[in-house]
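Sharing a model that was predicted from the sequence below.
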Amino acid sequence: MDNALKNLWAITDLRNRVLVTPALLGVYRVGSHITTPGINQEALLILADQARNTMFGFYDLFSGNNLSQMTIFALGVMPYISASIILQLLTVVWPTLERISKEGELGRRKITQYTRYLTLALAFVQSLGIAVFLERQTEIAGGLPLVFSPGWGFRFMCVLTMTTGTMFVMWLGEQITERGVGNGMSLLIFAGIVVGLPSAVLTTFDQMRTGQISLLRIVFLMVMMVAVVAAIIFVERGHRRITVQYAKRVVGRRQYGGSSTHIPLKVNTGGVIPVIFASSILAFPATIATMFETGTAGRTIIDQLTYGMPLYNLLYIGGIIFFAYFYTAIIFNPDDVAENMRKYGGFIPGIRPGKRTAEYIDTILARITLVGSLYLAAVAILPEFLLTGFKVAPIPFIGEQLDALLPQWVTTGVGITFFFGGTSLLIVVGVAMDTVNQVESQLIMRHYDGFMKKTRIRGRRG
C-alpha cells in the first residue's frame, strides 16, 4: 500500500488526476450553496420536511440535498442518469441505436452526444415542472409564501438557472471522468451522500445525549456497519467464472489458440440500478397521497404503500428482484456471447457451441442474479429494521431559526443509521471500490509501459 501511494505521487500524470478530482468536486459543492432566486428559504425547509418520504425526497439523495434547498444544482445528475438509462433501453429495442452502439469509438461518441441532448430536454421539462409546482404551493405552514413573485418571470429564471446548473454538473462529471480518477457522475453522487455523514454523526450523538439511544446500541451499530460494508465488498467482488477453451488452429507454420480463459459473471450484474428503479416507482404513491384528504378511501390505500409499511417492504423487495433480472437481461445477452465464442473457436468444456452454450450461460446467470437480487433487497431494507429495531427517533422539524441553520440532512434525518444500508451505502461503497480499481489499473498500465520501454531499449543495445 505504501509503495502504491509513493508510485501514485511519483507519476506526474496520476498525481495531476488525483489533484484535479477533489478540485472539481469542490466546485460542485460550492454551487450547492447558491440558491435559486425568488424562493422563500424558510418556507422551503418546511415543504422539504413534508415531502421527504415522497419521490422528491428520493431525488434529493442523488442531488446531494440540492433539491431540498433549491440551489442552482437542484436537479443534480438525475436528468443525465435518466437520459442514460432511456438510451440504454432504446438501444435494445431500436435497431438504429443498436447499430450505432456497435460502431466502436465513433458510435460511443454519438450515443454520448444523444445523451447530452436528452439531458438538456429532461432538465428543461423538470425545471419547468418544479417552478409550476412551487408556485402552486401558495401557503405552507404558518402562512409563509413559497415564491415571492410568481409568474412567467419566476418560471423563466427557475428554468434558466436549473437547466444551466444541470448542464454544468454534466460537464463537471465528464471532466472528472476524462481528467480525474473514476467515473465523474458516480463521484458527484458519492460526494453528495458523503457530505451528509458528519451531520448524521452529530445527530446520532445528540440522540445519545438526550437518551433516545444508548451507547451500547451505538457501539453495536458501528460493529454492524463494518460488517455490512464488508459484506457489500465481498458480494460486489464476487464472480462466477465460466471456463472457456479455444481450439488449436494452424496457419502456415504458426499455431494459434489452444489457450484457456474464463468469462467472469458478476453476482450483482445490475449494480444499484434495480434499487433505484424500485425506489422511484414506490415513491410515486407517497407523492400522489398529497392529492387526497386524510380519511378518504384513496388516502387509506396509498398510506399502506408509504415507507415502513409491510406492503411497501413486500413490494420493495419484489421490485428489486424483478428489476435485477430485467436490467441484467438488457446489459448482458448470452446469445451474443455464445456467438462470439463460436466465431473465434471458443467453447465451454462439455457444452456444445451455439444455442446450448447460450442456454448454459443464461441458466448460470439466472441463478447468480437471484443471489444478487436478494443481497440488494437485504441491504436496501436494512435501514427500516434498524430504525424500528433500535427505535432511533428522527429529530422533529419545528421550523424555528435553529432548524434553518442546520443542514437538511440533520433536520429530516434519522442519524447515522441512514448510512447502514439502502441505496446510499451501495453507492458509496461501490463508487469507492471502482475508484480504487481504476487507480490500480492506471498504476499497472504505467508499470507495463515502463517495462516495455526498458525492454525496447535493451533490445536496441543488444
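Perfect, thanks for sending it.

for stretch 428-442, what is the average pLDDT?
Per-residue pLDDT values over stretch 428-442 give a mean of 79.

Counting neighbours, which bits of that stretch end up buried?
Of the residues in stretch 428-442, 428, 429, 430, 431, 432, 434, 435, 438, 439, 442 count as buried by neighbour count, 16 or more other CB atoms under 10 Å. In this view, the C-beta of every residue, glycine as well, is placed from N, C-alpha and C.

Next, format those residues as CSV and append distance to residue 111 and secondary structure.
Shown next, in CSV, are the buried residues of stretch 428-442 (distance: CB to CB, whole Å; DSSP: H, G, I helix; E, B strand; the rest coil):
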residue, distance to residue 111, secondary structure
428, 28, helix
429, 28, helix
430, 23, helix
431, 22, helix
432, 27, helix
434, 21, helix
435, 24, helix
438, 21, helix
439, 26, helix
442, 25, helix
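
Nearest to residue 330 among these?
Closest approach to residue 330 among the buried residues of stretch 428-442 (CB to CB): residue 430, at 18.9 Å.

The closest one and residue 236 touch, don't they?
Yes: under the criterion of CB atoms under 8 Å, residue 430 makes contact with residue 236 at 6.2 Å.

Is residue 174 within a helix or a strand, and which one?
Assigned by DSSP states H and E, residue 174 belongs to helix 152-179.

got the buried residues for that helix?
Taking 16+ other CB under 10 Å as the criterion, helix 152-179 shows 154-155, 157-159, 161-163, 165-167, 169-170, 172-173, 176-177 as buried.

what about it, distance to the chain center?
What separates the centre of helix 152-179 from the centre of its chain is 19 Å, taken as CA atoms, centre = their mean, to the nearest Å.

Same question for stretch 372-379.
Put simply, stretch 372-379 sits 16 Å off its chain's centre (CA atoms, centre = their mean).

Repeat that for stretch 110-127.
The answer for stretch 110-127 is 18 Å, by CA atoms, centre = their mean.

again with stretch 235-249
Stretch 235-249 sits 28 Å away from the centroid of its parent chain (CA atoms, centre = their mean).

Now do the helices in the stretch 151-300 of the chain.
152-179, 184-194, 197-209, 215-236, 273-288, 297-303 (DSSP state H, counting those that start in this stretch).

Determine which stretch of those helices is the most buried.
helix 184-194 (a mean of 23; mean count of other CB atoms under 10 Å).

What mean pLDDT does that one get?
Here the average pLDDT along helix 184-194 is 82.

got the contact list for that helix?
21, 24-25, 28-29, 32, 61-66, 76-77, 80-81, 169, 172-178, 180, 424, 427-428, 430-432, 434-435 (CB atoms under 8 Å, 6 or more residues apart in numbering).

let's go with 7 Å and repeat that
By CB atoms under 7 Å, 6 or more residues apart in numbering, the residues outside helix 184-194 that reach it are 21, 25, 28-29, 61-65, 76-77, 80-81, 169, 172-177, 424, 427-428, 431, 434.

residues of stretch 32-48 that come out buried?
32, 35, 36, 38, 39, 40, 43, 44, 45, 46, 47, 48.

Can you tell me which of those comes closest to residue 316?
Among the buried residues of stretch 32-48, residue 48 lies closest to residue 316 (CB to CB), at 22.9 Å.

any idea of the pLDDT on that closest one?
Note on residue 48: pLDDT of 69.

what's the neighbour count on residue 64?
Neighbourhood size, residue 64 [other CB atoms under 10 Å]: 27.

can you tell me how far it sits from residue 71?
Distance, residue 64 to residue 71, by CB to CB, to the nearest Å: 9 Å.

Kindly give the local confidence score, pLDDT, for residue 72.
Taking residue 72 on its own, its pLDDT is 87.

next one: phi and psi at it?
The phi/psi pair for residue 72 (degrees, to the nearest 10) reads phi -70, psi -20.

Same check on the one 4 residues further on?
Its backbone dihedrals place residue 76 at phi 60, psi -140, with angles given as degrees, to the nearest 10.

Which positions within stretch 105-112 qualify as buried?
Neighbour counts over stretch 105-112 (16+ other CB under 10 Å) mark residue 111 as buried.

Dump that stretch to PDB, restricted to CA.
Provided in PDB are the C-alpha atoms of stretch 105-112 (Å, rounded to 0.1, in the frame of the first residue of the first chain):
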ATOM      1  CA  GLU A 105     -15.400   4.700 -30.600                       C
ATOM      2  CA  LEU A 106     -17.400   6.700 -33.200                       C
ATOM      3  CA  GLY A 107     -20.700   5.100 -32.100                       C
ATOM      4  CA  ARG A 108     -19.900   5.700 -28.400                       C
ATOM      5  CA  ARG A 109     -19.400   9.400 -29.200                       C
ATOM      6  CA  LYS A 110     -22.700   9.600 -31.000                       C
ATOM      7  CA  ILE A 111     -24.500   7.900 -28.100                       C
ATOM      8  CA  THR A 112     -22.800  10.400 -25.700                       C
END
